[in-house]
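> what's the 3D shape of this:
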Amino acid sequence: MAVDTLVWLQDIDTSMEFRPADSLVMSCGTVTLDLDRGKVLLVWNRKYQIFQLPKGRRNIDESMLSAAVRETYEETGFRVRPLQLDIATRATPPNAGDGSASHQNPNITEGHPSTEFIGACLYPDPDSDLPALKTVYFFAATADSSATPESGTQEPWENLTPFWIHISEAPMKLRFRGEIAAVRKALGDVQKTGYVISSA
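Reported below is the predicted structural model:
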């Protein structure tokens, strides 16, 4: 076996880490946009007095996208629809042999509009009694900000208020840098796909 291969295998072995399922938290949420009004959907967390993106834990056997849509509905009362976007992803395209990967990087797939997640935030779970790594997968979605949200959708312990704000205000309102980055990524993918975002 070549020296380079041995070094490569050793690098993988050194950096690879196994974590049991009970030390990992998979959460899913959305960057929900009203493109016609130039708004993004946030939640005001009254317990911590901060603005956040809607998100929550995935149920057993639930797809990540379904979890993101469900959690957004439960936390805000708005029924959102996934946005199909041209997202640069490492997911394998439907026809992997058709040469559709990016010309810049053969490991990146582009040009396949999909409802893949736009990115993820990773951090230690502050709500866990035992050490756990939380990963929040964000998906782009759309909804009508002029609609009336349904009431009674939150869990008993949740204390959240939905707010539609102008997209330009998101960086000033959101508490976490990772969620600001998620909004910016969604907007970039929306524009790359050819959607028009109102500046009104």
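> ok, which stretches of this protein are helices?
3-15, 64-76, 170-173, 177-193 (DSSP state H).
> tell me the most buried of these?
helix 64-76 (a mean of 21; mean count of other CB atoms under 10 Å). Glycine gets a C-beta too; all of them are placed from N, C-alpha and C.
> gap between that helix and the chain center?
A distance of 11 Å separates the centroid of the chain from that of helix 64-76, by CA atoms, centre = their mean, to the nearest Å.
> which other helices and strands contact it?
Other elements packing on helix 64-76 under the criterion 3 or more CB pairs under 8 Å, 6 or more residues apart in numbering; DSSP states H and E are strand 24-34, strand 39-45, strand 55-57, strand 81-82, strand 133-142, strand 160-166.
> and Leu24, which of the helices of the chain is closest to it?
Closest approach to Leu24 among those is made by helix 64-76 (13.5 Å; CB to CB).
> Looking at the closest one now, give me its mean pLDDT.
If you average the pLDDT over helix 64-76, you get 98.
> got the CA coordinates for it in PDB?
Provided in PDB are the C-alpha atoms of helix 64-76 (Å, rounded to 0.1, in the frame of the first residue of the first chain):
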ATOM      1  CA  MET A  64     -35.900  16.000   8.100                       C
ATOM      2  CA  LEU A  65     -38.000  18.100   5.600                       C
ATOM      3  CA  SER A  66     -41.300  16.900   7.200                       C
ATOM      4  CA  ALA A  67     -39.900  17.700  10.700                       C
ATOM      5  CA  ALA A  68     -38.900  21.200   9.500                       C
ATOM      6  CA  VAL A  69     -42.300  22.000   8.100                       C
ATOM      7  CA  ARG A  70     -44.100  20.500  11.100                       C
ATOM      8  CA  GLU A  71     -42.000  22.300  13.700                       C
ATOM      9  CA  THR A  72     -42.500  25.600  11.800                       C
ATOM     10  CA  TYR A  73     -46.200  25.100  11.900                       C
ATOM     11  CA  GLU A  74     -46.300  24.100  15.500                       C
ATOM     12  CA  GLU A  75     -44.100  27.000  16.700                       C
ATOM     13  CA  THR A  76     -45.800  29.700  14.500                       C
END
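> orientation of it relative to strand 39-45 in degrees?
60 degrees (axes from the mean of the first three to the mean of the last three CA atoms, to 10 degrees).
> who's in contact with helix 64-76?
With contact meaning CB atoms under 8 Å, 6 or more residues apart in numbering, helix 64-76 is reached by 26-30, 32, 41, 43, 54-59, 62, 78-82, 115, 117, 137-139, 141, 149-150, 153-155, 158, 160, 162.
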